[in-house]
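Need the 3D shape of this:
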Amino acid sequence: MKRQKITALMLSAAMVLGSVAACSSNEPATTTAATTAAPATEATEAEATEAEETEATEAAETTEAQVEANTGDYFELPVQEVVDEGDGKIMIYGWNTEFIDLVTKYTGIEYDSTIKESNSYQAALDTALSSGDNAPDLFVCDADYATKYMNSDNTIAINNIGISYSELGDMYNYTLQFACDDANVIKGLSWQATPCGVFYNTVVAQEVLGVSEPDEVAPYFASWEAFAETAALVNEKSNGEVKVVSGTDEIWRAYLNTREQGWITDSKELYVDPVLEGYFDLAKTLKQDNLTFEAGQWGEGWNANMANHKVLSYWGPMWLPNYCFNFGSTNDTAGEWRVVMGPTEYFWGGTWMMASKYCQYKATSAQIMRDISLNEDTLKDIAQSGDFVNSVAIMEGLANDPNFGIEIFGGQNAAAVLYPSSTSIDNSTVGKDDQKINDEFGSVVSSYINGDIETVPEALKVFEDNLAELNII
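From the prediction side, this is the model:
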């Protein structure tokens, strides 16, 4: 079980720390040779100098020998005692206000912030991290590109802002795996876990399927074959006025995040998991038979269909309805939605907090991370509001609570539906260039289903050529 594995890793890290305790002190290093009254020989002086140099090196970085000794586990650096060094407010970067709102609600910390629209966020962040001008102390990243920053010197380990791995034992293991650099040092924390389901509108379901309760609707999404049949049925029953999904984007992640291997092999070659060939075929059927509105995710039509009773289902994790359905503003369908499992278990997204190499507010950054991702009261409150939080114990408790329900789901216990798949999430297929690769793959799939590319092998060849031009392979 994932929770047991985390505990084992924490114990392993603690045992290793015991063997390198001499390197963990925050006090200035001293040596016996430097303080003894015995006459110093050339040999002892050389030994003392060598020892000082060794201690300085070990305090500054993870040595190759230490990393090798911890292969397969999380490697914990000496946990530093930290203070804020800046004389103003912490600077936080994000691509929307979701994280900023959590900081405001749960920490009480005063801050400055820079918010950039999603499409320009990485460019702005990269510029700031490169120059240091107005650089963030703390910033957040989406799962599609967080690995890029974890595996760079632009971020620092959570140990370097005073957070110990012993504090993380109840987090989902995959969220910690995802937050590691190549040396298995944890550099970020998330308050979310993101198992996915199918959110369907009960009013639409009753209209086009004749049923609306979760146990009655679940069989219509239980397999890819069932989904294809449901898509045709919904289209037929509504004379094309209602679709099963807004566009093929909706099911894309259910294929992407069930792969057994990532895009790029150890030898830097492209690998296309066979499961993705099924996406080509189903996307082509949906297009040819006019079974969607061909509305792309995040677009105007996709958003509008959440509220107009023209689409049966949306696919994703709990943050999707919680943050994206706009209940209470442009969407008055709250309470009409329920969740069932789809044809496959998968995950999508998540947000990770990271401290930058320019961080002058290490103590405040640690407090924010703790207050949002480790504080039990905070996590319970976030979960009660409809998100799926990064605590195995909390989500297991809610899943088994007969009195727990979420208002936007008409009181349904969504945790009970999604929790079983949350314990088996594996994001080992995610790589640092995935956002670019995913975009290129989506482009060739679009060309294929629109008839611009005739066959799947031809589409995969174009895909490979495009990645070569981008110097990814």
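
drop to CA atoms for contacts and neighbour counts, all remaining ones
Fine.

Quick check: residue 423 touching residue 172?
Yes. Using Cα atoms under 8 Å, residue 423 is in contact with residue 172, at 7.5 Å.

Looking at those two now, which is surrounded by more residues?
Set residue 423 next to residue 172 and count neighbours by other Cα atoms under 10 Å: residue 172 wins out with 26 against 18.

The more buried one contacts residue 392, correct?
Yes. Counting by Cα under 8 Å, residue 392 is a contact partner of residue 172 at 6.2 Å.

What does the most centrally placed residue in the chain show for phi and psi?
Among the residues of the chain, the one closest to the centroid is residue 350, at 3.2 Å (Cα atoms, centre = their mean). Per-residue torsions, residue 350: phi 120, psi 160 (degrees, to the nearest 10).

Same question for residue 451.
The phi and psi values for residue 451, taken as degrees, to the nearest 10, are phi 90, psi 0.

While we're on it, how confident is the model there?
pLDDT for residue 451: 95.

Lowest mean pLDDT among the helices and strands, pick that one out for this protein.
Sorted by mean pLDDT, DSSP states H and E, the helices and strands of the chain end with helix 32-35, the least confident at a mean of 31.

Look at residue 365 and give its secondary structure.
helix (DSSP: H, G, I helix; E, B strand; the rest coil).

right, and it touches residue 140 too?
No. Checked against Cα under 8 Å, the pair residue 365 and residue 140 is beyond contact range at 11.7 Å.

and the two? which has more neighbours close in?
residue 365 (27 against 23).

Look up how far residue 450 lies from that one.
Distance, residue 365 to residue 450, using Cα to Cα, to the nearest Å: 48 Å.

Which stretches in this structure count as strands?
Taking DSSP state E as the criterion, the chain carries its strands at 90-94, 111-115, 138-142, 188-189, 197-201, 313-316, 337-340, 351-355.

quick one: low-confidence parts of the protein?
The model of the chain has pLDDT under 70 over residues 1-72.

got the contact list for stretch 140-147?
Applying Cα atoms under 8 Å, 6 or more residues apart in numbering, the external contacts of stretch 140-147 come out as 93-94, 99, 178-181, 348-354, 430-435.

Just the CA trace of that stretch, in PDB.
Provided in PDB are the C-alpha atoms of stretch 140-147 (Å, rounded to 0.1, in the frame of the first residue of the first chain):
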ATOM      1  CA  VAL A 140       3.600  27.000  -8.200                       C
ATOM      2  CA  CYS A 141       3.700  24.700 -11.200                       C
ATOM      3  CA  ASP A 142       1.200  22.400 -12.900                       C
ATOM      4  CA  ALA A 143       1.900  18.700 -13.400                       C
ATOM      5  CA  ASP A 144       2.600  19.200 -17.100                       C
ATOM      6  CA  TYR A 145       5.800  21.100 -16.500                       C
ATOM      7  CA  ALA A 146       6.600  20.900 -12.800                       C
ATOM      8  CA  THR A 147       9.300  18.300 -13.500                       C
END
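
What number of residues are in the vicinity of residue 234?
So residue 234, with other Cα under 10 Å, has 24 neighbours.

Find the nearest non-adjacent residue to it, please.
residue 208 (5.6 Å; Cα to Cα, 6 or more residues apart in numbering).

Distance check, that neighbour against residue 224.
As judged by Cα to Cα, residue 208 and residue 224 stand 19 Å apart.

Neighbour count: the two, which is higher?
Each of residue 208 and residue 224 has its neighbours counted (other Cα under 10 Å); residue 208 has more, 21 against 16.

Would you enumerate the residues in contact with the more buried one?
Neighbours of residue 208 in contact, by Cα under 8 Å, 6+ apart: 233-234, 237-238.

Which ChimeraX command selects the buried ones in these?
A single ChimeraX command is used to select the members of the contacts of residue 208 judged buried by 16 or more other Cα atoms under 10 Å:
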select :233,234
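
Tell me the one among the contacts of residue 208 nearest to residue 110.
Nearest to residue 110 out of the contacts of residue 208 is residue 234 (Cα to Cα; 50.6 Å).

quick one: that closest one and residue 228 touch, right?
No. At 10.1 Å, residue 234 and residue 228 do not qualify as touching, with contact defined as Cα under 8 Å.

which residues touch the residue nearest to the centre of the chain?
142-143, 190, 192-194.

Please name the residues that touch residue 138.
Contacts for residue 138 (Cα under 8 Å, 6+ apart) come out as 90-93, 353-356, 359, 365.

Can you name the residues bridging to it?
Counting by DSSP bridges, residue 138 forms beta bridges with residue 92, residue 355.

And for residue 155?
residue 356.

Tally up the residues packed near it, please.
Around residue 155 there are 22 other residues, counting by other Cα under 10 Å.

what do you get for the one 3 residues further on?
Per other Cα under 10 Å, the neighbour tally for residue 158 reads 27.

Distance-wise, check it relative to residue 176.
Distance, residue 158 to residue 176, by Cα to Cα: 11 Å.

so what's in contact with the two at the same time?
Common neighbours of residue 158 and residue 176 (criterion: Cα under 8 Å, 6+ apart): 186, 188.

how about the helices in the stretch 151-300 of the chain?
Under the criterion DSSP state H, counting those that start in this stretch, the stretch 151-300 of the chain contains helices at 173-178, 202-208, 214-217, 224-237, 249-256, 275-288, 300-304.

What of the stretch 1-150 of the chain?
Along the stretch 1-150 of the chain, the segments classed as helices by DSSP H, counting those that start in this stretch run 2-19, 32-35, 42-60, 64-69, 98-106, 118-131, 143-150.

and if you look at the stretch 301-450 of the chain?
Using DSSP H, counting those that start in this stretch, helices in the stretch 301-450 of the chain cover 319, 362-373, 376-384, 392-399, 414-422, 434-449.

how far is the shortest one from where the chain is centred?
Between the centre of helix 319 and the centre of its chain there are 11 Å (Cα atoms, centre = their mean, to the nearest Å).

What lies in contact with it?
Applying Cα under 8 Å, 6+ apart, the external contacts of helix 319 come out as 194, 386-388.

Go through the residues you listed and name the one nearest residue 310.
residue 386 (23.9 Å).

Tell me if I'm right that that closest one and residue 323 touch.
No. Contact between residue 386 and residue 323 fails when scored by Cα under 8 Å: they sit 9.3 Å apart.
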